[in-house]
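A.B. asks: this is a predicted model, with the sequence first.
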Amino acid sequence: MEYVSKAELEKERTPSELWNWLIQKVGHICSTKEGLTAFRLQHGLLKKLPEEIAPFAIFGEHKFGSTDQILLKPVIGSQNYDAIVIDKRTEPSTETYIEITQAHEGGNDYWRRCQLLNQGYVFSNAPVIKSGKGKNLPVSIPETATPVEAGVKNELDRIVDAANRKANKNYPDNTSLIIFFDDTELSEERLKALNLPTLDDFVKKNLMNLNLTFTTLYLVGCAKVVFREYPIK
């Protein structure tokens, strides 16, 4: 069953329209057991909703607010960008490109989604214990709470890994990079409480020295709290 089409995903929308459409679409899909399963396991084009549409929509609301002079257009395919921003505030209008990547834990993310689907909850930083190889192997994720420090370190490391995956690659002119991360694990309040450098200082030290061929780097939090914009020289 096709829950979302390429044409739906690629429709030009204002920032508010894109976010509202995403929330309504996900709610409709997840209103049935079959749809919830497909969404959690990211079947087909459903993978695009959490991995590309959500980061792009949150970015759009933070960056542009409720204007109707900005249109956001996701682009599905193998091109070296994931979305286009159409700016009608100038005459003629301009287009810039967006590349989107996730600060995630790789293959273990799949197993956490499986447990979330089957049990209704999962410990986000507990170890994923595998007994063999392949997607049908026995996997367990213990109900083990981890220290706050570990959650913060994991998320910072994932941000660096995400940036490294995009370093030393060529992108069209006027392309920006969005790194989508878990700001429930990583917030300015937690960094301060742990006496760690601010997010800005962390980015300056660990990301700005990479060969990122983008005009701007954006850190976009999945909880819509943390949003950072860093021009790249």
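C.D. replies: Structure's in. What do you need?

A.B. asks: with only the CA atoms kept, save stretch 175-184 in CSV.
C.D. replies: What follows is stretch 175-184, C-alpha atoms only, in CSV (Å, rounded to 0.1, in the frame of the first residue of the first chain):
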residue,chain,number,x,y,z
THR,A,175,23.7,24.7,-1.0
SER,A,176,23.2,24.6,2.8
LEU,A,177,23.5,21.6,5.1
ILE,A,178,20.9,20.7,7.7
ILE,A,179,22.1,18.3,10.5
PHE,A,180,19.0,17.0,12.2
PHE,A,181,19.6,15.8,15.8
ASP,A,182,17.9,14.9,19.1
ASP,A,183,17.6,18.1,21.1
THR,A,184,15.8,16.2,23.9
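
A.B. asks: before we move on, which element is the closest residue to Asp82 other than its chain neighbours in?
C.D. replies: Sequence neighbours aside, Ile100 is the residue nearest to Asp82 in space, at 4.5 Å (criterion: CB to CB, 6 or more residues apart in numbering). C-beta: built from backbone N, CA, C; applies to glycine. Per DSSP states H and E, Ile100 falls inside strand 94-102.

A.B. asks: other SSEs contacting that strand?
C.D. replies: Judged by 3 or more CB pairs under 8 Å, 6 or more residues apart in numbering; DSSP states H and E, the packing partners of strand 94-102 are helix 54-64, strand 83-87, helix 148-166, strand 175-181.

A.B. asks: now the shortest one against helix 54-64, angle please.
C.D. replies: Pointing back at strand 83-87 there. 20 degrees (axes from the mean of the first three to the mean of the last three CA atoms, to 10 degrees).

A.B. asks: still on that earlier bit, can I get the CA coordinates of the strand holding Ile100 in PDB?
C.D. replies: Extracted C-alpha coordinates of strand 94-102, given in PDB (Å, rounded to 0.1, in the frame of the first residue of the first chain):
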ATOM      1  CA  THR A  94      15.800  33.100  -6.100                       C
ATOM      2  CA  GLU A  95      16.400  29.400  -5.400                       C
ATOM      3  CA  THR A  96      18.800  27.800  -3.000                       C
ATOM      4  CA  TYR A  97      19.500  24.200  -2.200                       C
ATOM      5  CA  ILE A  98      19.300  22.200   1.000                       C
ATOM      6  CA  GLU A  99      21.200  18.900   1.800                       C
ATOM      7  CA  ILE A 100      19.800  17.100   4.800                       C
ATOM      8  CA  THR A 101      21.500  14.500   7.000                       C
ATOM      9  CA  GLN A 102      20.700  12.800  10.300                       C
END
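
A.B. asks: re the thing from before, mean pLDDT lowest where, among the helices and strands packed on strand 94-102?
C.D. replies: Lowest mean pLDDT within the helices and strands packed on strand 94-102: helix 148-166, at a mean of 92.

A.B. asks: report how many residues lie close to Phe39.
C.D. replies: By other CB atoms under 10 Å, 21 other residues sit near Phe39.

A.B. asks: tell me which residues in the helix or strand where it lies are buried?
C.D. replies: If you go by DSSP H and E, Phe39 is part of helix 33-40. For helix 33-40, a neighbour-count test (16 or more other CB atoms under 10 Å) marks Gly35, Ala38, Phe39, Arg40 as buried.

A.B. asks: and after it, which helix or strand comes next?
C.D. replies: helix 48.
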